[in-house]
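Q: Just need the structure, nothing else, for what follows:
(chains A, B and C)
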Amino acid sequence: MIIAAHAIKEKIRRKELYIVAMIGVLVLILFSADGSTISIAGKPITDYDNLAPIFLIMVNAICGALAIFLSLKTIPNEYERKTSHLVWIRGISQTRYHSELAIANGISCMLAEGIMFIGMILFTLMKHRQDQLWKLIPAYFIMALGIWIVSLLTSLLSIIFPGMVAGLIAAIVYLAGIFHSVLELFGNMVSGLVGKLLDIVLWIVPNLHEIQAQAGNIFTGSSISIHVIVKGLFIIWLLGLGFMIFKKKEA
Amino acid sequence: MLKCQNLKKSYKEKCVVNNLCFQVNKGEVFALLGANGAGKTTTIKMILGLVKKDEGEITLEEGMKIGYSPDTPFFPPFLTGREALNYYGKLQKIPKKELSPIITELLETVGLDDDKTKIKNYSKGMLQRLAFAQALLGEPDFLILDEPTAGLDALGRIEMMELIGRLKRSGKTILLNSHILNDIERVCDRGIIMKKGKTLGTWSKEQDYGGKSLEEIFVELVGAN
Amino acid sequence: MGNMKKIAYGAVGVILLFTTIFTGRTGLGEENIEIYKKALELQSKMEGTGFENFRLEDYTVAFYDGKNDYVIVNSDTEITTQKREPVMDTLVATAWETDGEYQVLCPTVEKLQGLVNMLMPAAQVQTTPEDTDSANTDNAYTQESHVATIWHEAFHCYQLTNYEQGIEKLIGAEDRETANVADTNLIVTEVDGNEQVVNLYKKEIALLEKAINEDDLDVVKEIILEYKQLDEERKEFLSSECQLAEAYYTVMEGTAYYVEELAYANLQQPEKQDDRTNKNVVWDINQTSANDIKLEPYTEGTNKYYNIGRAQCLILDKLSPDWKADYDFSRELIELIYEEAGILQ
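A: Numbering: from 1, shown residues only, chains lettered A, B, ... in the order given. All right, here's what the predicted structure looks like:
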């Protein structure tokens, strides 16, 4: 995992993660200020049990977008500045090279998620709900599943497509994933060609919403679906397979 | 060591390497000569497998270790030279215990003694030296050097050529790509002169060209075409 | 990648694939069957509702998961399911005519949970009863809610199967299906769009609440008299079509909501606190007085008729506990109330 370790160091040194820290702090301020600015139906939401799941949703959404941001240019940069040459000639297979870079992306995204979760820890402590702290650990790892999917997908797309195209496809898939349930609802109402197309899209796009919902279930006390977790792991495995299949023709 | 037959490579409609044939023998320093755009770097990349050839055969001796110094080297700016060599050394699976002294020796060999300077503060010449050092990791049998003296001052070029000479005497085989003819004439044994992907002619140190220098031969061939 | 690594990677994929398939649901999820069983267990208690021959087991219940219907097959020994093509796409439970009978058609708990998770928290924020400055988000959709909903829809099946003529008489139509009495536009424009009507409704709801919580029947009758005045004043603003629509919703949905709340109440132990804010229930269906029942405030649309109709049922429970025995849905509940209270029309 030498390439992965090296790539993570580079990301840390390039200060990309500090941007995440700033966003995390902003989100924390948003949630933790007394007289919270979050309100629904005209009523402010202030108590922890209601805010925590909302915080999770926001953290998940931000981390997903950050996953695209952190993962999009890593592999293309290697080829643009030709550092790939010095790796290829050392007999490192493309599968290993790209996979390790993708793993570095995933770990960076988890670090970013961790920074956001520090905000959540502080928020929990500020609301004097230390009893809820332990829930953040499984919630973190469950959410990481969705973030890894977005990161790996972006990394894979960056091998196949030019930069902006890869980013655009990743963003579309990501949005479709977090709004999967909404699209399903819409799909139930629509028939004909549009309905069929939507069915296909829903089949292809991973249901990121249901993964995030499992993290929320930890806070609401609902049961966690093992099926969703295992399915998420299987999607990660499939994406990993993609790194064996899709390769660059030239360094 | 290396045999290239009828190599061909095109990018879109443009043919950049056209029916190239040459052979590099063990222990010699062989040069690819030509102006910019002659196809020298593309040829090297095809040999290394960095670029796919359209046609032709490339035969490399089996089990041979290759070291490559690129023409425009890039190293992570936040690393020092030592750290960069450490990274590539690990990729090459050089044992940890052996790696540190090897790196020390290599840095001394290429004239980069300062461990503390970050690569972001390197000059072009220093980058070139570092590229050379990483090419030497793992004691390769066959060195491929793309414009090894680019960015070096006169003294640097002399030092680099002397180093290449030492490597040759130690038994290394070297394929050298350069457009600085004086350097070539000093260290190389043979070479081919290229223009627009084609071989215009060959050159050998041992051959008598009636007192003409390599530069004169080059100008004659390239000018005629 | 070495062959061993490839094999190991492949093995991991196979394990994950099989685990995904194994843990995935085929057929109807167990939780839905549990919900049906819970609903069925209430039957003996719910037979005391007083509505003649109203039994859940008389009506087919089917769960819809977005792709298929799963019809519950209730034999003596076990409960199984039969898959069929979905008869309709539904996001909410409903009573639907299929195969010559009215059936309860219900989304699966997973489908509903997904909908709730997606809409949470925006759709579920409610104000606290004291209407303070903070809001709470309601909790996730519960099994008990699902059970109560099944009873609600089963009651619709009961109404439509046995009392179609009565309903037609209520709305003055020869054919209920073509009567178009369920036109919600009338409600929106004539009722919700008229501030005077809205204000009158708010007063009426307050009076209903007062009547429900009053033990003295004489006082209840006075409240009803006051209510009647407001009711007549409000109706002057409404067209006859709108009044018929209101009558339809109040009777049909009000009685079904009354049954739903009874089912919900009977799922709870009396000593336990009610989970849902603002919805205190009658714990004992034979109780003629209740403690501190609060009605939902005025809302736009047809939801208010669920509340008002149920309130009218509760008042009728006070005035005439046997009112349900021969009620055929051909008259408005408020008419019965006036009659039982001795108030002439």
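
Q: What segments of the chain are strands?
A: Looking at chain A here, since you left the chain open. Shown for chain A, the strands assigned by DSSP state E span residues A:39-40, A:43-44.

Q: that's the wrong chain, I meant chain B
A: B:2-11, B:14-24, B:29-34, B:55-60, B:66-69, B:142-146, B:173-178, B:190-195, B:198-204.

Q: Any idea which of those strands gets closest to chain C?
A: The stretch from those with the least distance to chain C (C-beta to the nearest C-beta) is strand B:66-69; that distance is 21.6 Å. Every C-beta, even on glycine, is put in place using the N, C-alpha and C of the backbone.

Q: Partner strands of that closest one, with direction?
A: When pairs are called by DSSP bridges, strand B:66-69 turns out to pair with strand B:142-146 (parallel).

Q: mind listing what residue 103 touches?
A: No chain specified, so I'll use chain A. Counting by C-beta atoms under 8 Å, 6 or more residues apart in numbering or on different chains, A:I103 touches A:M1, A:A4.

Q: Oops, wrong one, chain C.
A: Counting by C-beta under 8 Å, 6+ apart, C:Q103 makes contact with C:Y59, C:T60, C:V61, C:A62, C:V71, C:A95, C:W96, C:E97, C:C157.

Q: Apply 6 Å and report the result again.
A: C:T60, C:A62, C:W96 (C-beta atoms under 6 Å, 6 or more residues apart in numbering or on different chains).

Q: cool, A:V230 as well?
A: With contacts taken as C-beta under 6 Å, 6+ apart, A:V230 has the following neighbours: C:T19, C:T20, C:T23.

Q: can you check A:I169 too?
A: The contact partners of A:I169, taken as C-beta under 6 Å, 6+ apart, are A:L157.

Q: Can you lay out the strands of chain B as TSV showing mean pLDDT?
A: Written out in TSV, the entries for the strands of chain B read as follows (pLDDT from 0 to 100):
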stretch	mean pLDDT
strand B:2-11	91
strand B:14-24	90
strand B:29-34	91
strand B:55-60	92
strand B:66-69	94
strand B:142-146	93
strand B:173-178	90
strand B:190-195	90
strand B:198-204	87
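
Q: okay, these in a markdown table with mean neighbour count next?
A: Converted to a markdown table, the strands of chain B look like this (neighbours: other C-beta atoms under 10 Å in any protein chain shown):
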| stretch | mean neighbour count |
| --- | --- |
| strand B:2-11 | 17 |
| strand B:14-24 | 18 |
| strand B:29-34 | 25 |
| strand B:55-60 | 14 |
| strand B:66-69 | 23 |
| strand B:142-146 | 24 |
| strand B:173-178 | 25 |
| strand B:190-195 | 23 |
| strand B:198-204 | 17 |
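
Q: Extract the C-alpha trace of stretch B:144-151 and format it as CSV.
A: Written as CSV, here are the backbone C-alpha positions of stretch B:144-151 (Å, rounded to 0.1, in the frame of the first residue of the first chain):
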residue,chain,number,x,y,z
ILE,B,144,17.1,4.6,-20.7
LEU,B,145,17.9,8.3,-20.4
ASP,B,146,15.6,10.8,-22.1
GLU,B,147,17.5,14.2,-22.4
PRO,B,148,19.6,13.5,-19.3
THR,B,149,21.4,16.8,-19.5
ALA,B,150,18.4,19.1,-20.2
GLY,B,151,18.4,22.0,-17.8
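
Q: ok, and what's touching it?
A: When contacts are defined by C-beta under 6 Å, 6+ apart, stretch B:144-151 is touched by residues B:41, B:44, B:68-71, B:124-125, B:128, B:157, B:160, B:175-178, B:180, B:183.

Q: Dump the strands of chain B to a markdown table, plus distance to B:P95.
A: Below are the strands of chain B laid out as a markdown table (distance: least, C-beta to C-beta, whole Å):
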| stretch | distance to B:P95 |
| --- | --- |
| strand B:2-11 | 29 |
| strand B:14-24 | 30 |
| strand B:29-34 | 30 |
| strand B:55-60 | 26 |
| strand B:66-69 | 18 |
| strand B:142-146 | 22 |
| strand B:173-178 | 25 |
| strand B:190-195 | 37 |
| strand B:198-204 | 41 |
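
Q: closest to A:L101 out of these?
A: Distances from A:L101 to each of the strands of chain B were compared using C-beta to C-beta; the shortest belongs to strand B:66-69, at 20.5 Å.

Q: roughly how far out does that closest one sit from the chain middle?
A: Between the centre of strand B:66-69 and the centre of its host chain there is 7 Å, according to C-alpha atoms, centre = their mean, to the nearest Å.

Q: so what secondary structure elements neighbour the helix or strand encompassing C:Y338?
A: When secondary structure is defined by DSSP states H and E, C:Y338 falls within helix C:333-340. Contacts of helix C:333-340 with other secondary structure elements, assessed using 3 or more C-beta pairs under 6 Å, 6 or more residues apart in numbering or on different chains; DSSP states H and E, are made with helix C:303-319.

Q: Nearest to chain B: which residue in the stretch 1-150 of chain C?
A: For the stretch 1-150 of chain C, the residue positioned closest to chain B under C-beta to the nearest C-beta is C:G2, at a distance of 13.7 Å.

Q: Model confidence for that residue, exactly?
A: The predicted local distance difference test score for C:G2 is 74.

Q: Look up how far chain A lies from it.
A: From C:G2 over to chain A the distance is 10 Å, taken as C-beta to the nearest C-beta, to the nearest Å.

Q: where does chain B dip in pLDDT?
A: B:224-225 (pLDDT under 70).

Q: same deal with chain A?
A: Residues of chain A meeting the criterion pLDDT under 70: A:24-25, A:28-29, A:31-46.

Q: So for it, the centremost residue is which one?
A: Centroid-nearest residue in chain A: A:I147, 2.2 Å away (criterion: C-alpha atoms, centre = their mean).

Q: shouldn't that one be in contact with A:A61?
A: No: with contact taken as C-beta atoms under 6 Å, A:I147 and A:A61 are classed as non-touching, separated by 10.8 Å.

Q: still on that earlier bit, so which of the strands of chain B comes closest to C:K221?
A: strand B:2-11 (97.0 Å).

Q: now for that closest one, which elements pack on it?
A: With contacts taken as 3+ C-beta pairs under 6 Å, 6+ apart, strand B:2-11 sits against strand B:14-24, strand B:55-60.

Q: Turn those into a markdown table, columns for distance to chain A.
A: A markdown table is the format used below for these (distance: least, C-beta to the nearest C-beta, whole Å):
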| stretch | distance to chain A |
| --- | --- |
| strand B:14-24 | 13 |
| strand B:55-60 | 12 |
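
Q: What segments of chain A are helices?
A: Assigned by DSSP state H, the helices in chain A fall at A:2-13, A:16-32, A:48-71, A:74-80, A:83-88, A:94-126, A:136-160, A:163-178, A:180-189, A:192-204, A:208-220, A:226-245.

Q: and of these, who's closest to C:R234?
A: Across these, C:R234 has its closest neighbour in helix A:180-189 (35.8 Å, C-beta to C-beta).

Q: Compute the inter-axis angle for the closest one and helix A:163-178.
A: If you take axes from the mean of the first three to the mean of the last three C-alpha atoms, to 10 degrees, helix A:180-189 sits at 70 degrees to helix A:163-178.
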